[in-house]
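> need coordinates for the below:
(chains A, B and C)
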Amino acid sequence: MSDLLIFAIAFAVLAALSLIRLAKGPSSADRMVAGDAADTLICVALVLFSLFSGRGIYLDIALVAALFGVIDTLLVGRYLEKERGQDK
Amino acid sequence: MQKTKFPAVVATFVVCFAFWVLLTWSFTMQELIAGAVISLAVALFSARFFIHEKAFWFLNPLKFFSGLFYWICIFPVELVKANVNMAKICFGGCKKINPGIVKVPVDLKSDYGQAALANSITLTPGTITMETAEEDGQTYFYIHWIDVTAPSGKEAGDAIKGTLEKGLRRVWE
Amino acid sequence: MTALRIVIDVLIGIGAIFALAGTIGILKMPDAFSRMQASTCIPTLGTICPLLGALLYAIFFKNGDVASAVKIGVICLLILVTNPLGSHALAKGAYKAGIRPEKKMETDDLGRDLYE
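Predicted coordinates:
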């Protein structure tokens, strides 16, 4: 039973590790890659924790995170495409 | 802007209604009727943005089963191979890379086929589709490749997407 | 039932290993595009394997909890469908905004066709 909790914590730790790149990254694309990866990892961790605790509400949060996680990446990509040669 | 077609509305309605049922997960009459009305409104408004070609291509059983075969047998094998490769590179210290952008020709004609091929290439670790271009009726993809081993053109195309394209050509042709 | 537990744990463990590979790639790769390539490990095998294990768990150990199982399947499908859109748009935008790796790429057809 508690192995699900251990794996959920492991995925959350991986997400926290990828936030290092979000704080450090030299360009905005690096930050966005790290943010996207952290979003996906947190989604998996939420699913595992929902099965561990037996509450369905975490599954809904994970569903919405998976659904809207792509929108911020798309927005930043579109924004960078118009802003040519400004961002190094 | 193209006009709204009836099969496109039906397909969008089915997808919206399925998602409504999934999110609420209650089967009382009132909620189902509310979901149907909202899904119909959304489908009437937005079907022309979503569906540009034939909406019900998968009702042809041959195409349906070759599509299923592609998504269950061909694509996961390529995915696992590429993932193991990328994991080896990452655990080995990220040293053995030779990144570059190659331009490869694509033989698929249909929009759906090209979109599915581009998304499959992007989903495989090691390759990202960056841009599409069309010159003299031939479609080209610009692909960022982490370990360039072949020059641009036909050889790089075979190395990146040979199996995937063969599987997809059976579905959309 | 114990064998099934072991299968589930092995599936989630494989997913954790691939997610670790993706995170190491994000932290240590030298330029932005290579980081994107390495991070693709996370939404593919790093997500499919744990969610497959979670699906088996929801079916066999929660007395047939259909709602949870369907939701987990849809989460897996959504991540697989939407992730390539984001990474495609981000790669294109980053290239057009002038972000280049420090060590020059040997073959760069997009730069040749765009700027010459």
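
> roughly how far does the most centrally placed residue in chain B sit from B:Met86?
Residue closest to the mean C-alpha point of chain B, counted by Cα atoms, centre = their mean, is B:Ala116 at 2.4 Å. Shown here: B:Ala116 relative to B:Met86, a distance of 22 Å by Cβ to Cβ, to the nearest Å. The C-beta positions use only the backbone N, C-alpha and C, and glycine is treated the same way.

> try A:Asp3
A:Asp3 is 27 Å from B:Met86, by Cβ to Cβ.

> quick one, what contacts the residue of chain B found nearest chain A?
Nearest residue of chain B to chain A (Cβ to the nearest Cβ) works out as B:Leu23 at 7.6 Å. By Cβ atoms under 8 Å, 6 or more residues apart in numbering or on different chains, the residues touching B:Leu23 are A:60, A:63.

> output the below-cut-off pLDDT ranges for chain A.
A:1, A:84-88 (pLDDT under 70).

> let's see 80
Within chain A, the segments meeting pLDDT under 80 span A:1, A:25, A:83-88.

> ok, now how distant is the spatially most central residue of chain A from C:Tyr57?
Nearest to the mean C-alpha position of chain A, counting by Cα atoms, centre = their mean, stands A:Asp39 at 1.1 Å. Here A:Asp39 is placed at a distance of 23 Å from C:Tyr57 (Cβ to Cβ).

> same check, this time on B:Tyr112
35 Å.

> of these two, which one has the most company?
With neighbours defined as other Cβ atoms under 10 Å in any protein chain shown, B:Tyr112 and C:Tyr57 compare such that C:Tyr57 has more, 25 against 16.

> wait, doesn't B:Glu173 sit right on B:Ser110?
Yes: using Cβ atoms under 8 Å, B:Glu173 is in contact with B:Ser110, at 7.5 Å.

> please list all residues in contact with residue 9.
Picked chain A for this. With contact taken as Cβ under 8 Å, 6+ apart, A:Ile9 is in contact with A:Ala45.

> oops, I was thinking of chain C
Shown in contact with C:Asp9 (Cβ under 8 Å, 6+ apart): A:3, C:53.

> try it again at 10 Å.
A:3-4, A:6-7, C:53, C:57 (Cβ atoms under 10 Å, 6 or more residues apart in numbering or on different chains).

> and B:Ile143, that's in a strand?
Yes: B:Ile143 forms part of a strand when assessed by DSSP: H, G, I helix; E, B strand; the rest coil.

> what about it, neighbour count?
Neighbour count for B:Ile143, taken as other Cβ under 10 Å: 26.

> over to C:Arg112?
A count of nearby residues for C:Arg112, using other Cβ under 10 Å, gives 12.

> go on, B:Val9?
By the criterion of other Cβ under 10 Å, B:Val9 has 20 neighbours.

> quick one: mean pLDDT over the strand or helix carrying it.
Using DSSP states H and E, B:Val9 sits in helix B:6-24. Helix B:6-24 shows a mean pLDDT of 86.

> after it, which helix or strand is next?
Next along from helix B:6-24, by DSSP H and E: helix B:29-50.

> off-centre distance for that next one?
25 Å (Cα atoms, centre = their mean, to the nearest Å).

> okay, B:Glu173 and B:Ser110: which has more neighbours?
Shown here are B:Glu173 and B:Ser110; by other Cβ under 10 Å, B:Ser110 has more neighbours (16 against 12).

> residues near the residue nearest to that one when sequence neighbours are not counted, how many?
Leaving aside its chain neighbours, B:Ser110 sits nearest to B:Trp172 (4.3 Å; criterion: Cβ to Cβ, 6 or more residues apart in numbering or on different chains). If you count neighbours by other Cβ under 10 Å, B:Trp172 ends up with 20.

> B:Trp172 contacts B:Trp57, doesn't it?
Yes: using Cβ atoms under 10 Å, B:Trp172 is in contact with B:Trp57, at 7.4 Å.

> give me the common contacts of these two.
Counting by Cβ under 10 Å, 6+ apart, the residues touching both B:Trp172 and B:Trp57 are B:63, B:67, B:110, B:112.

> more neighbours: A:Asp3 and B:Met86, which one.
Between A:Asp3 and B:Met86, counted using other Cβ under 10 Å, B:Met86 has the larger neighbour count: 26 against 14.

> for the helix or strand containing that one, what is the average pLDDT?
Using DSSP H and E, B:Met86 sits within helix B:75-91. On average, the pLDDT along helix B:75-91 is 91.

> give the buried residues for that helix.
B:75, B:78-79, B:82-83, B:86-87, B:89-90 (16 or more other Cβ atoms under 10 Å in any protein chain shown).

> can I get those in CSV including distance to B:Leu123?
Listed next are the buried residues of helix B:75-91 as CSV, based on distance: Cβ to Cβ, whole Å:
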residue, distance to B:Leu123
B:Phe75, 8
B:Glu78, 10
B:Leu79, 7
B:Ala82, 9
B:Asn83, 10
B:Met86, 12
B:Ala87, 16
B:Ile89, 17
B:Cys90, 17
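
> which parts of chain C are helices?
For chain C, the helices defined by DSSP state H cover C:2-28, C:32-39, C:45-60, C:66-96, C:109-115.

> write out the residues of chain A neighbouring chain B.
Residues of chain A found near chain B (Cβ under 10 Å from any Cβ of the partner chain) are A:56, A:60, A:63-64, A:67.

> which members of these are the farthest-apart pair?
Between any two of those, the greatest separation by Cβ to Cβ is 16.7 Å, found for A:Gly56 and A:Leu67.

> more neighbours: which of those two?
Counting neighbours by other Cβ under 10 Å for A:Gly56 and for A:Leu67 shows that A:Leu67 has the greater number, 17 against 13.
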